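Participant: Provided below are the primary sequence and the corresponding predicted coordinates.
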Protein chains: 2
Amino acid sequence: MGRRERKKAATRQALADAALRLFLDRGFDQVSVRDVAEAADVSTTTVFKHFPSKEALLFDQDSDREAALIAVVRDRPEGMSIPRALREHTLRTHSAGTGDPGMARFVELTESTPALREYGRRMWMRHEAALAAAIAEATGAPEDDPGCAALAHFALETVSFARGRADARQAIEAAFALLEHGWSAAGQ
Amino acid sequence: MGRRERKKAATRQALADAALRLFLDRGFDQVSVRDVAEAADVSTTTVFKHFPSKEALLFDQDSDREAALIAVVRDRPEGMSIPRALREHTLRTHSAGTGDPGMARFVELTESTPALREYGRRMWMRHEAALAAAIAEATGAPEDDPGCAALAHFALETVSFARGRADARQAIEAAFALLEHGWSAAGQ
DNA sequence: TAAAAAAGTGCAACGACTTAACTTTTTCAT
DNA sequence: ATGAAAAAGTTAAGTCGTTGCACTTTTTTA
């Protein structure tokens, strides 16, 4: 990797680091893009050369989450249903207290700021098409089968649904129970 | 109703009318709030005294849709399941070509503009709590039962899911089939 | 009927984001 | 090596959504 790309990656990292520090410190709305730029010692226009929006400064890691989702569907243990595999994965990654100390503050920041909540949801739902394709392939259904797409959409939506509810774990379990067995099985 | 309230309602209506006309004419992003204000012959500040945001200029009718949702659940015919009743209602109101000529242009505008799509979804999902409560009451479940809340969330989400798919009707039917009978019944 | 409360309006400003012109640095073909 | 193309950064100016403050008008109340 040449010096040019290294420098570019360096300033990008410096921006992301400064943004995370400032946002955690003062809150998202109390920090301007100029503040972030100044903390990283670049001009404000440079910020937007690296990130498409202020929100994007916080969501820098995104590529491996989609791969993990697809792997969960394809490499699930023999005999385990797809909704169940997705439920386990969702509980594992989106439930409270994963042990990571910094992660808890990050989650609290994103959930308490409307703009970040919305942006995070949009980023998360972008994986819908890839997940739907993985489900379709795992079941032998056609590539764009609506049933598989619906399962993908709803499975991803469970994390938005759980957000704001008192008991997140219980909410996720109830949502996946509905997806697995249907309303006719449990409800009246 | 006093003169003051009449004038207030008049300028509000003038703003909504001007906004609709301009947005349909030029597109949402090609019209500034200043343009709308000028067309209604008020200052831009006045616009935000009447509407909380630029997007809100388009979404002025909202109160009766929640009532309709709740009525669908409570007054459904004997023996009809709740998901089925919601499916019929969704197909009736959110499927293409309801006959209204101006409505089609409105729908096309909102679906082709990201900001409007997002805003419309948020407005629509605000009914989640009320719908969940109606479902809980209809089934005798506790007020904040997670299963009922999940059904409410997913049922409302079907319209976002159908958006952008080639066949909206098929998408809605597939989504409600999943909610009614579960993945274990249909998909392998 | 005077005074206080409330509501409508506009000017100026802030923050996110864009565009355009220009400088500096890195790359790469010669 | 060297000179030109390409890319990263800076500055400056501007657009657009949105808000705070000051001012006027209308309505209510003492």
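Facilitator: That came through fine. These numbers come from a predicted model, not from an experiment.

Participant: Tell me where the model's unsure across chain A.
Facilitator: Applying pLDDT under 70 to chain A flags the ranges A:96-99, A:187-188.

Participant: Now the most centrally placed residue in it: closest residue in space that isn't a chain neighbour?
Facilitator: Centroid check for chain A by Cα atoms, centre = their mean gives A:W124 as the closest residue, at 4.1 Å. Once flanking residues are discounted, A:W124 sits nearest to A:L156: 6.1 Å by Cβ to Cβ, 6 or more residues apart in numbering or on different chains. Backbone N, C-alpha and C define where each C-beta goes, glycine included.

Participant: Next, that neighbour: secondary structure please.
Facilitator: Secondary structure, DSSP: H, G, I helix; E, B strand; the rest coil: A:L156 is helix.

Participant: Count the neighbours of it for me.
Facilitator: 20 (other Cβ atoms under 10 Å in any protein chain shown).

Participant: repeat for A:Q30
Facilitator: Neighbour tally, A:Q30, other Cβ under 10 Å: 10.

Participant: Pull up the residues of chain A that are close to chain B.
Facilitator: A:81-83, A:118, A:122, A:139-141, A:144, A:146-151, A:153-154, A:157, A:161, A:165-167, A:170-171, A:173-175, A:177-188 (Cβ under 8 Å from any Cβ of the partner chain).

Participant: For those, which ChimeraX command selects only the ones that are buried?
Facilitator: ChimeraX command restricting the residues of chain A next to chain B to the buried ones, with burial defined by 16 or more other Cβ atoms under 10 Å in any protein chain shown:
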select /A:81,82,83,118,139,141,146,147,148,149,150,151,153,154,157,161,165,171,173,174,175,177,178,179,180,181,182,183,184,187
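
Participant: tell me the contacts of the residue nearest to A:W124?
Facilitator: A:W124, A:M125, A:H127, A:E128, A:L131 (Cβ atoms under 8 Å, 6 or more residues apart in numbering or on different chains).

Participant: Could you say which of the residues you listed is surrounded by the most neighbours?
Facilitator: A:L131 (24 neighbours).

Participant: so which strand or helix has that one?
Facilitator: Element membership of A:L131, judged by DSSP states H and E, is helix A:128-139.

Participant: who's in contact with the top helix by length along chain A?
Facilitator: As assigned by DSSP state H, the longest helix anywhere in chain A is helix A:3-26. The contact list for helix A:3-26 (Cβ under 8 Å, 6+ apart) reads A:31, A:35-37, A:39-42, A:46-47, A:50-51, A:57-58, A:60, A:105-106, A:109.

Participant: before we move on, what about stretch A:68-77?
Facilitator: For stretch A:68-77, contacts defined as Cβ under 8 Å, 6+ apart pick out A:82, A:84-86, A:88-89, A:93, A:127, A:130-131, A:134-135, A:137-138.

Participant: change it to 10 Å
Facilitator: Here stretch A:68-77 makes contact (Cβ atoms under 10 Å, 6 or more residues apart in numbering or on different chains) with A:64, A:82, A:84-86, A:88-90, A:92-93, A:124, A:127-128, A:130-139, A:151-152, A:155-156.
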